[in-house]
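Asker: Dropping the sequence and predicted coords here.
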Amino acid sequence: METAYVTSKGQLVVPARLRRKYGIKPGTRICFVERNHEIIFQPVTKEYIRSVCGMLKSDTSMTKALLEERARDKEREEAKFEKFRAR
């Protein structure tokens with residue numbers, strides 16, 4: 001287990017071995033996730049993004065659902081307009 005200290009500015013130095021192993025380079029975004037009294041340090045790298053791609057797949061296409069919702073909205077608006085015109 002490797003350790004590090006937090007500086008007076010709140011900065012943390014990631015040990016070189018871990019930076020190499022997980023592809024952490026200058027400018028790499030890091031997410032801190034709190035879970036069960038722990039802090040998870042998750043570098044957001046291309047490899048990480050590829051690993052979570054498709055994780056939340058669904059049988060429902062969000063694009064199809066959005067288009068259907070917009071079609072229903074359009075029908076409601078047209079019905080309102082027809083009522084107004086009939087007056």
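Answerer: Received the coordinates, thanks. Only a predicted model underlies this, so the values are computations on that prediction, with no experimental measurement involved.
Asker: any idea where the strands of this protein begin and end?
Answerer: Listed in chain order, the strands of the chain (DSSP state E) span 29-35, 38-44.
Asker: just for the chain, where's the confidence low?
Answerer: 48, 52, 55-56 (pLDDT under 70).
Asker: Domain parsing of it, as residue ranges.
Answerer: 1-56, 58-87 (automatic domain parsing).
Asker: want to throw those into a markdown table with mean neighbour count?
Answerer: For glycine as for every other residue, the C-beta is placed from the backbone atoms N, C-alpha and C. Shown next, in a markdown table, are those (neighbours: other C-beta atoms under 10 Å):
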| stretch | mean neighbour count |
| --- | --- |
| domain 1-56 | 10 |
| domain 58-87 | 9 |
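Asker: before we move on, back to that, including distance to residue 22, could the strands of the chain go into CSV?
Answerer: Output for the strands of the chain, formatted as CSV (distance: least, C-beta to C-beta, whole Å):
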stretch, distance to residue 22
strand 29-35, 10
strand 38-44, 5
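Asker: And the ones you listed: which comes nearest residue 12?
Answerer: Taking C-beta to C-beta, strand 38-44 is the member of these nearest to residue 12, at 8.4 Å.
Asker: and the residue nearest to residue 42 when sequence neighbours are not counted, what does it touch?
Answerer: Closest residue to residue 42 apart from its sequence neighbours, by C-beta to C-beta, 6 or more residues apart in numbering: residue 31 at 4.5 Å. Taking C-beta atoms under 8 Å, 6 or more residues apart in numbering as the criterion, residue 31 is in contact with 41-44.
Asker: And stretch 25-38, end to end?
Answerer: 24 Å (C-alpha to C-alpha, to the nearest Å).
Asker: do stretch 10-29 as well
Answerer: End-to-end distance (C-alpha to C-alpha), stretch 10-29: 16 Å.
Asker: ok, the nearest residue to residue 18 once chain neighbours are set aside - contacts?
Answerer: In space, and not counting its chain neighbours, residue 18 is closest to residue 2: 6.7 Å by C-beta to C-beta, 6+ apart. Applying C-beta under 8 Å, 6+ apart to residue 2 gives the contacts 15, 17-18.
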